[in-house]
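Chemist: 3D, please:
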Amino acid sequence: MVAPHRAIETAVGEPLLRTDGLTVRFGGLTALDGVSFEIRRGEILGLIGPNGAGKTTCFNAITGVYKPAAGGVHFDGKPLAKTKRNEITRLGIARTFQNVRLFNEMTALENVVVGTDARHSTSVPGAIFRTPRHRREERDAIERGMALLEFVGIAPRAVDKARNLSYGDQRRLEIARALATEPKLLCLDEPAAGFNPSEKSALMDLIRKIRDDGYTVLLIEHDMRLVMGVTDRIVVLEFGRKIADGLPTEVREDPAVIAAYLGVPDTDTVDEVREEAEVAAAEGTTPPSAPATVVVAKEPDEPAVVVPETPLLEVRDMVVNYGRIEALHGISLSVSPGELVTLLGANGAGKTTTMRALSGLLPLTSGTILFEGTDITMMKAHDRVVAGLIQAPEGRGVFPGMTVLENLDMGCYGRPFEEKAEYQQTLDWIFELFPRLAERRKQVGGTLSGGEQQMLAIGRALMARPKLLLLDEPSMGLAPMVIQQIFRIISEINSRGTTVLLVEQNAQQALTRSDRAYIMETGEITKTGAGSALLTDPAVMSAYLGVD
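Modeler: Numbers count the residues shown, from 1 in each chain. Presented below is the predicted three-dimensional model:
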């Protein structure tokens, strides 16, 4: 038993932590808007939501990293207003981080002993002169550290340096160090990031074991199967606001939660897609789910021959690592000329990693990338731009100090135009697609709204005259009306002949417009098919909300 021995004022089942109208602002952006919920002593509470929902901001406000603009946090009967971060730790709130943060040159045991410092009362002079109290606390810290390493399952690695541990053991070590502070509330921020299925199963067992040992747990996690399988209750955020609070079975069936994760469809477009699917079914045909074909005429008297068209992009068995973490486990996909293909999946599925690898920003551990039939696996990122493989990145990445026109000009820097008329023609097309950019061509990019910045990011990519346009989460953080506008423009870009590979969490909007789609889960492609077919496929719900 390694549960905290400190007294807790709150009875089991009663609110240990409560947020009241918690609001956090960054300049003019409201990242958390009046969020109120409670964490009851002895439970595992999941805090979930799509990208940009405000989960980590809420975590940081609770643990003292951010100061609320309004509202407050009460913990074990006490307000946390104006409480410093180290004092919050001493009061009994401990946390881990999205990215592993260990002292790499210390042993596993020494890392855990660092966590026990929050409970020490020896003064600096006492530590220097090694008073009896200091020696007693040091001995107790080592004993508790070994007990915690045993508790999380890595005691045999106690004297190994942290940098020599496997990634999974480093995650467990972080949890042990947090437990060493003797917390009343343990906050876990994406503890399963980078884990394979067996490691996730073991982590679920560990989290339950922590709860059963007397701790209360707040969990942020993108893997919905883990969340649904381990939590007692779930709070859901979207655009900084709470939209649901209840049992896992209630939350995953809540229409507001489904809409937040899968998106709200553009009704007119959905109706058109379903009509086409019904007609195809009645005629005994199916929507395209394989590379397109072309008809090649032979001699005048001979019949034409149907030949499979060479994919514009073909990925074979692509593996990508982040250090010791294998983020992509041998994925294969293809995009044919003129297609709009979507990569779907929940946060952490590996979609952005795939895009960065295709753009040349991440090296492949193994596998092959073919573009127009040429192997570009080892090609530099800027050479891929020249070849016509262009990405509009997640987060937009506009140059905030440049005007709209200057940002657009940066897009064609790597692929200069041969004639001024060609440049003007491309610019006119972009202003036709995005009239707002034409109106604000002299405005500085950093002063545009989120939707306008996304338009600018897409326009900048189009200025490079892409043969294949990679769009990474173009709807992230945008209002529903703006999202529909962005997707209609993407459809128009594709209809005018630009091939598009789209990474998108808004499944409804993406699938209604896609020729084909791939579903990704934890670095693997689990299903592929026509966009219209996947629109109502249970596999999509499974990937996003952990529904079996």
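Chemist: from here on, contacts and neighbour counts on C-alpha atoms
Modeler: Fine.
Chemist: nearest residue to the residue sitting nearest the centre point of the chain other than its sequence neighbours?
Modeler: Residue closest to the average C-alpha location in the chain (CA atoms, centre = their mean): residue 347, at 3.4 Å. Leaving out its chain neighbours, the residue that sits closest to residue 347 by CA to CA, 6 or more residues apart in numbering is residue 222, at 5.5 Å.
Chemist: Can I take it that the one you found is in a strand?
Modeler: No. Per DSSP: H, G, I helix; E, B strand; the rest coil, residue 222 lies outside any strand segment and is coil.
Chemist: could you measure it against residue 251, distance?
Modeler: From residue 222 over to residue 251 the distance is 15 Å, taken as CA to CA, to the nearest Å.
Chemist: Show me which of these two is the more surrounded one.
Modeler: Set residue 222 next to residue 251 and count neighbours by other CA atoms under 10 Å: residue 222 wins out with 24 against 21.
Chemist: gap between the more buried one and residue 240?
Modeler: Residue 222 is 17 Å from residue 240, where distance means CA to CA.
Chemist: quick one on the thing from earlier: so what pLDDT did the residue nearest to the centre of the chain get?
Modeler: Residue 347 carries a pLDDT score of 77 in this model.
Chemist: How about the contacts made by it?
Modeler: 50, 51, 222, 223, 505 (CA atoms under 8 Å, 6 or more residues apart in numbering).
Chemist: buried ones in stretch 431-447?
Modeler: For stretch 431-447, burial by neighbour count (16 or more other CA atoms under 10 Å) applies to 433, 434, 437, 438, 441, 443, 444, 445.
Chemist: what's that stretch in contact with?
Modeler: Residues contacting stretch 431-447 (CA under 8 Å, 6+ apart): 398-405, 407, 452-453, 455-456, 459, 489.
Chemist: The same query, at a cut-off of 10 Å, please.
Modeler: Here stretch 431-447 makes contact (CA atoms under 10 Å, 6 or more residues apart in numbering) with 398-408, 426-430, 448, 452-453, 455-459, 486, 488-490, 492-493.
Chemist: so what are the domain limits for this protein?
Modeler: Domain segmentation of the chain under automatic domain parsing yields 1-92+183-262, 105-181, 310-545.
Chemist: and the longest one, how far apart are its ends?
Modeler: Across domain 310-545, the terminal residues are separated by 36 Å (CA to CA).
Chemist: right, and the helix or strand after the host helix or strand of residue 327?
Modeler: According to DSSP states H and E, residue 327 maps onto strand 325-335. Sequence order places strand 340-344 as the next helix or strand after strand 325-335, per DSSP H and E.
Chemist: part of a helix, is residue 409?
Modeler: Yes. Counting by three-state DSSP, one finds residue 409 located in a helix.
Chemist: ok, back up a step: out of the contacts of stretch 431-447, which are buried?
Modeler: Buried among these (16+ other CA under 10 Å): 398-399, 402-408, 426-427, 429-430, 448, 452-453, 455-459, 486, 488-490, 493.
Chemist: Can you tell me which of these end up in helices?
Modeler: Under the assignment DSSP state H, the buried ones among the contacts of stretch 431-447 contribute 404-408, 426-427, 429-430, 452-453, 455-459, 486, 488-490, 493 to helices.
Chemist: most residues in a single helix of this structure, which one?
Modeler: helix 132-152.
Chemist: So which bits of it are buried?
Modeler: 134, 137-138, 141-142, 144-149, 151-152.
Chemist: okay but residue 485 is in contact with residue 454, surely?
Modeler: No. Residue 485 is not in contact with residue 454 according to CA atoms under 10 Å; the separation is 11.1 Å.
Chemist: Can you check which residues contact both of those two?
Modeler: Listed as contacting both residue 485 and residue 454 by CA under 10 Å, 6+ apart are residue 475.
Chemist: When the two are compared, which one has more neighbours?
Modeler: residue 454 (26 against 14).
Chemist: Which residue ranges of the stretch 1-150 of the chain form strands?
Modeler: Assigned strands in the stretch 1-150 of the chain, in chain order: 15-26, 29-40, 44-48, 70-75, 78-79, 93-95 (criterion: DSSP state E, counting those that start in this stretch).
Chemist: Quick check: which helices or strands does the fourth one pack against?
Modeler: Right, the one you point to is strand 70-75. Packing partners of strand 70-75 (3 or more CA pairs under 10 Å, 6 or more residues apart in numbering; DSSP states H and E): strand 15-26, strand 29-40, helix 55-62.
Chemist: The shortest one too?
Modeler: Contact partners of strand 78-79 among helices and strands, from 3+ CA pairs under 10 Å, 6+ apart: strand 15-26.
Chemist: mean confidence score for the strand it packs on?
Modeler: The pLDDT scores in strand 15-26 average 93.
Chemist: who does it pair up with?
Modeler: Its sheet considered, strand 15-26 pairs with strand 29-40 (antiparallel), strand 70-75 (antiparallel) by DSSP bridges.
Chemist: coming back round to it: in TSV: the strands of the stretch 1-150 of the chain, plus mean neighbour count and distance to residue 261.
Modeler: Formatted as TSV, the strands of the stretch 1-150 of the chain follow (neighbours: other CA atoms under 10 Å; distance: least, CA to CA, whole Å):
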stretch	mean neighbour count	distance to residue 261
strand 15-26	20	23
strand 29-40	19	18
strand 44-48	26	10
strand 70-75	19	27
strand 78-79	14	33
strand 93-95	25	26
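Chemist: could you dump the ones you listed to a markdown table with distance to residue 331?
Modeler: Below are the strands of the stretch 1-150 of the chain laid out as a markdown table (distance: least, CA to CA, whole Å):
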| stretch | distance to residue 331 |
| --- | --- |
| strand 15-26 | 38 |
| strand 29-40 | 35 |
| strand 44-48 | 27 |
| strand 70-75 | 44 |
| strand 78-79 | 49 |
| strand 93-95 | 34 |
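Chemist: So which of the ones you listed is nearest residue 327?
Modeler: strand 44-48 (21.5 Å; CA to CA).
Chemist: got the angle for that closest one vs strand 29-40?
Modeler: 160 degrees (axes from the mean of the first three to the mean of the last three CA atoms, to 10 degrees).
Chemist: other SSEs contacting strand 44-48?
Modeler: Using 3+ CA pairs under 10 Å, 6+ apart, strand 44-48 is in contact with strand 29-40, helix 55-62, strand 185-189, helix 197-212, strand 216-220, helix 224-230, strand 233-238, strand 241-246.
Chemist: export these to a markdown table and tack on distance to residue 117 and mean pLDDT?
Modeler: As requested, those are exported to a markdown table (distance: least, CA to CA, whole Å; pLDDT from 0 to 100):
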| stretch | distance to residue 117 | mean pLDDT |
| --- | --- | --- |
| strand 29-40 | 26 | 92 |
| helix 55-62 | 21 | 90 |
| strand 185-189 | 17 | 93 |
| helix 197-212 | 21 | 90 |
| strand 216-220 | 21 | 94 |
| helix 224-230 | 30 | 88 |
| strand 233-238 | 32 | 94 |
| strand 241-246 | 36 | 94 |
